[in-house]
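>>> this one's structure only:
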Ligand SMILES: C[S@@+](CC[C@H](N)C(=O)[O-])C[C@H]1O[C@@H](n2cnc3c(N)ncnc32)[C@H](O)[C@@H]1O
């Protein structure tokens with residue numbers, strides 16, 4: 001693999017928690033990932049009963065799969081990434097006792113070596129804002145290719161409509177080259193690739209570390225101001 005942008009961050013990768021404002025909102029990267037993982041488990045309860053396959057595209061150090069497994073998900077996990085260094089971290093950080101280490105695959109640009117139509121679920125979390133705009137259609141196409149008919153795709157991204165998000169991203173070293181994208185851009189990109197059924201939720205209105213405020217987050221999911229959004233897309237059968 002040729003060197004990728006995230007190879008330089010791999011050994012110390014903590015999801016941008018070196019930013020002091022982000023650290024005020026939550027004291028570990030897992031608290032931020034946990035918001036997405038809980039949302040996903042509510043939408044895909046079958047992840048806990050086993051028998052589903054999940055691809056985490058741009059899995060980085062494997063944090064989303066690891067946090068899902070820690071919350072009881074027992075899917076057949078596969079992660080892919082363009083950075084060999086991040087894939088090495090994903091293998092190294094996988095905890096004993098969380099089930100088998102995910103299958104890990106190297107991307108060649110947007111492409112993966114994975115067979116077409118093999119995943120029930122695909123996730124792509126905090127990746128697209130690192131992908132150059134001209135390459136994003138190839139990522140949408142690849143996600144659609146590897147999903148089964150009727151498979152579900154979940155795109156999690158930072159929400160540029162939230163001013164605090166824009167402030168933090170502009171001051172976080174791993175985001176030096178980031179180009180944030182609105183949920184409407186994701187929806188249009190996906191619909192150009194396939195005739196998905198699409199829904200959007202907004203997440204993370206409250207600091208993720210404060211469990212008693214989670215009900216407020218769920219009540220506000222319609223409001224396009226959360227720090228994150230989730231675009232859920234079902235592939236036609
Ligand atoms: C901010 S990290 C997020 C990692 C992980 N998804 C998470 O939520 O913790 C972004 C990841 O996207 C990966 N990536 C995958 N495909 C990419 C592409 N075409 N261009 C840039 N980065 C890409 C990077 O290598 C990196 O591991």
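Here it is on my side, so go on. Everything numeric here is computed off the predicted structure, so don't read it as measured data. Numbering: from 1, shown residues only.

>>> of all of this structure, which residue lies closest to the ligand?
Distances from the chain to the ligand, computed as Cβ to the nearest ligand atom, single out residue 60 as the nearest residue at 2.6 Å. All C-beta atoms are positioned from the backbone trio N, CA, C, and that covers glycine.

>>> and the residue nearest to that residue when sequence neighbours are not counted, what is it in contact with?
Counting by Cβ to Cβ, 6 or more residues apart in numbering, the nearest residue to residue 60 once its immediate chain neighbours are dropped is residue 86, at 4.7 Å. If you count contacts by Cβ atoms under 8 Å, 6 or more residues apart in numbering, residue 86 has them with 4, 6-7, 9-10, 13, 59-61.

>>> how near is residue 86 to residue 214?
Counting by Cβ to Cβ, to the nearest Å, the gap from residue 86 to residue 214 is 29 Å.

>>> contacting residues around the closest residue to residue 62 other than its chain neighbours?
Nearest residue to residue 62 in three dimensions, chain neighbours excluded: residue 90, at 3.2 Å (Cβ to Cβ, 6+ apart). Applying Cβ under 8 Å, 6+ apart, we find residue 90 in contact with 59-62, 65, 79, 81, 102, 104.

>>> as JSON lines, those with distance to residue 203, pLDDT and neighbour count would be great.
What follows is those, written out as JSON lines (distance: Cβ to Cβ, whole Å; pLDDT from 0 to 100; neighbours: other Cβ atoms under 10 Å):
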{"residue": "59", "distance to residue 203": "19", "pLDDT": "98", "neighbour count": "28"}
{"residue": "60", "distance to residue 203": "19", "pLDDT": "97", "neighbour count": "26"}
{"residue": "61", "distance to residue 203": "21", "pLDDT": "97", "neighbour count": "28"}
{"residue": "62", "distance to residue 203": "21", "pLDDT": "98", "neighbour count": "24"}
{"residue": "65", "distance to residue 203": "18", "pLDDT": "98", "neighbour count": "28"}
{"residue": "79", "distance to residue 203": "21", "pLDDT": "98", "neighbour count": "28"}
{"residue": "81", "distance to residue 203": "23", "pLDDT": "98", "neighbour count": "28"}
{"residue": "102", "distance to residue 203": "24", "pLDDT": "98", "neighbour count": "25"}
{"residue": "104", "distance to residue 203": "27", "pLDDT": "98", "neighbour count": "19"}
